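sequence and predicted model, in that order:
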Amino acid sequence: MNSKYFWRNVVYALAAINLLFWLWNDGGLRFLGLGPKPVQEPHRVENQVDPELLTIKPAASAASSH
């Protein structure tokens, strides 16, 4: 474990693993049939609020609420 070649190879292996994970996660390996399952949540899109339809009302003062 004290060999400089061992630590150099560990660094190279970790860099290669990191690169492969990034490619997999980013969809760069889809042409090989590899990649994360795409998440589709149409029910969340349907439940979104249209910001143009919202109106902001001023907050009631503390004295008038009693």
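Great, that's in hand.

find the centremost residue of the protein, please.
The geometric centre of the chain, computed from its C-alpha atoms, lies nearest to residue 25 (C-alpha atoms, centre = their mean), at 9.6 Å.

wait, that one touches residue 37, no?
No - with contacts defined as C-beta atoms under 8 Å, residue 25 does not count as touching residue 37, sitting 11.8 Å away. All C-beta atoms are positioned from the backbone trio N, CA, C, and that covers glycine.

one step back: contacts only, for the residue nearest to the centre of the chain.
Applying C-beta atoms under 8 Å, 6 or more residues apart in numbering, we find residue 25 in contact with residue 36.

for it, give its distance to residue 12.
In this view, residue 25 and residue 12 are 20 Å apart by C-beta to C-beta, to the nearest Å.

equivalent analysis for residue 30, please.
Distance check for residue 30 against residue 12: by C-beta to C-beta, it reads 26 Å.

who's more crowded, the two?
Relative neighbour count places residue 30 above the other of residue 30 and residue 12, with 13 against 10, counting by other C-beta atoms under 10 Å.

what's the helix or strand for the residue nearest to the centre of the chain?
Assigning secondary structure by DSSP states H and E places residue 25 in helix 4-26.

now the helix or strand just after that helix: average pLDDT?
With elements assigned by DSSP H and E, the helix or strand that comes after helix 4-26 is helix 42-46. Per-residue pLDDT values over helix 42-46 give a mean of 77.

lowest-scoring secondary structure element of this structure by mean pLDDT?
Every helix and strand in the chain was compared by mean pLDDT, DSSP states H and E; the lowest is helix 42-46, with a mean of 77.
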